[in-house]
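> Output the structure for:
(one chain, ligands or ions: 1)
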Amino acid sequence: MPMSDHPDTAQRCGLIAIIGRPNVGKSTLMNALVGQKISITSKKAQTTRHRITGVRTVGAAQFVFVDTPGFQMKHATALNRTLNRTVQSTLADVDVVLFLVEAGRFGMDDAKVLSLVPEGKPCVLLANKLDEVKRRADLLPWLKSMQERHAFAEFVPMSAQKKADVDRLFGILEPYLPEQDWYYDEDMLTDRSEKFLASEIIREKLFRLTGDELPYTSTVVIDQWLEEEGGAKRRIGASIIVERDAHKGMIIGAGGERLKRIGSEARQEMEHLMEAHVFLELWVKVRSGWADSEEHLRSYGYE
Ligand SMILES: Nc1nc2c(ncn2[C@@H]2O[C@H](COP(=O)(O)OP(=O)(O)OP(=O)(O)O)[C@@H](O)[C@H]2O)c(=O)[nH]1
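You can find the predicted model right below:
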């Protein structure tokens, strides 16, 4: 007998992939769906390269969200080939796909993402950023054209920033989850380790504080992780890896000011998340061409 607060209703549980071109709002939606920040949002495209799983249980249904990486079509590097493979293998596994576009827009970049959805896989068209559409009536012909483009299971115009819209989404997705026991404890939010979250926090500060100057190929590696006093104190060392000396200078900033700020903002967020004292040391290292080497990608923990 599965454990449940709802003995009269059979449990449902299934995997849901959130896909879409960079900047359509995938991270925003994911964070709203799982009720806690677990992946990173930023105005900069390409900040979510890792596959992240979030879990939310609503009534008898458990939604297991798989966040998939954004796409970069301008540069055909090994990194991008890895991304595409990750996306395709993710989609083959899931029960339902949430395909995000910006309401009223469908470009080549959107088409490319849609082409990765396997035939026959239930796919919900989520037209995000509805709040930015001035005249709702203009959306009708657009929705019709989308209907002709792909056999979508549902059409959901909404805003990932509106709670009521996000809550409504659970009801829409529930029928696509198979009847089976839950995979996770009810209160589980993420299966990613604190180490991973720490590197994502540094990445977010890095991109936020360097604006659009820094290429997306920069990455963060945690190279030291010590827990003292039963976890109440953490000593964390991390390297920010960039491709060029010029990028290194950009991150460090005049008199080291920028790096100091990245470090102090990241440390504060980590302390909040881990409920511990954090001592954070950051280094900036130059590894030219790392994004082109599959070998490097593996050693930095990409699938
Ligand atoms: N107006 C409006 N803006 C939104 C909405 N959802 C997300 N955004 C904004 O769109 C931008 C991109 O959102 P993200 O969630 O980072 O997008 P993403 O698809 O995860 O981006 P990548 O990590 O590059 O793949 C952010 O500035 C968000 O605040 C929405 O419903 N309405």
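> what stretches of the stretch 101-250 of the chain score poorly on pLDDT?
Residue ranges of the stretch 101-250 of the chain with pLDDT under 70: 185-193, 212, 216.
> Can you name the residues of it that neighbour the ligand?
Residues of the stretch 101-250 of the chain lying close to the ligand by CB under 6 Å from any ligand atom are 128-129, 131-132, 159-161. The C-beta positions use only the backbone N, C-alpha and C, and glycine is treated the same way.
> Quick one: buried ones out of the residues you listed?
If you count burial by 16 or more other CB atoms under 10 Å, the buried members of those come out as 128-129, 159-160.
> any idea which of the residues you listed is closest to Q11?
Nearest to Q11 among those, counting by CB to CB, is A160 at 26.9 Å.
> In three-state terms, how would that closest one be classified?
At A160 the chain is in coil, as set by DSSP: H, G, I helix; E, B strand; the rest coil.
> Over to F279?
Relying on three-state DSSP, one would call F279 strand.
> mind listing the strands in the stretch 1-150 of the chain by residue range?
Assigned by DSSP state E, counting those that start in this stretch, the strands in the stretch 1-150 of the chain fall at 12-19, 52-58, 61-67, 96-102, 123-128.
> Make TSV from those and add distance to A32 to it.
Output for the strands of the stretch 1-150 of the chain, formatted as TSV (distance: least, CB to CB, whole Å):
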stretch	distance to A32
strand 12-19	11
strand 52-58	10
strand 61-67	11
strand 96-102	12
strand 123-128	11
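> between the ones you listed, which gets the lowest average pLDDT?
In terms of average pLDDT, strand 52-58 trails the rest of the strands of the stretch 1-150 of the chain, at a mean of 73.
> Against which helices or strands is that one packed?
Other helices and strands packing on strand 52-58, by 3 or more CB pairs under 8 Å, 6 or more residues apart in numbering; DSSP states H and E, are helix 26-34, strand 61-67.
> Select, out of the ones you listed, the one closest to the ligand.
helix 26-34 (3.4 Å; CB to the nearest ligand atom).
> Does the ligand have contacts with that closest one?
Yes - using CB under 6 Å from any ligand atom, helix 26-34 reaches the ligand at 26-28.
> which one in the residues you listed is the model shakiest on?
The lowest pLDDT within the residues of helix 26-34 next to the ligand belongs to S27, with 80.
> How about the contacts made by A92?
Counting by CB atoms under 8 Å, 6 or more residues apart in numbering, A92 touches P118.
> and the gap between it and the ligand?
According to CB to the nearest ligand atom, to the nearest Å, A92 and the ligand sit 20 Å apart.
> that older thread, max pairwise distance over the residues of the stretch 101-250 of the chain next to the ligand: which two?
Greatest spatial distance in those: E132 and A160, 11.6 Å, computed using CB to CB.
> the helices in the stretch 51-200 of the chain, which residues?
With DSSP state H, counting those that start in this stretch, the ranges of helices along the stretch 51-200 of the chain come out as 78-93, 108-114, 139-149, 163-173, 194-210.
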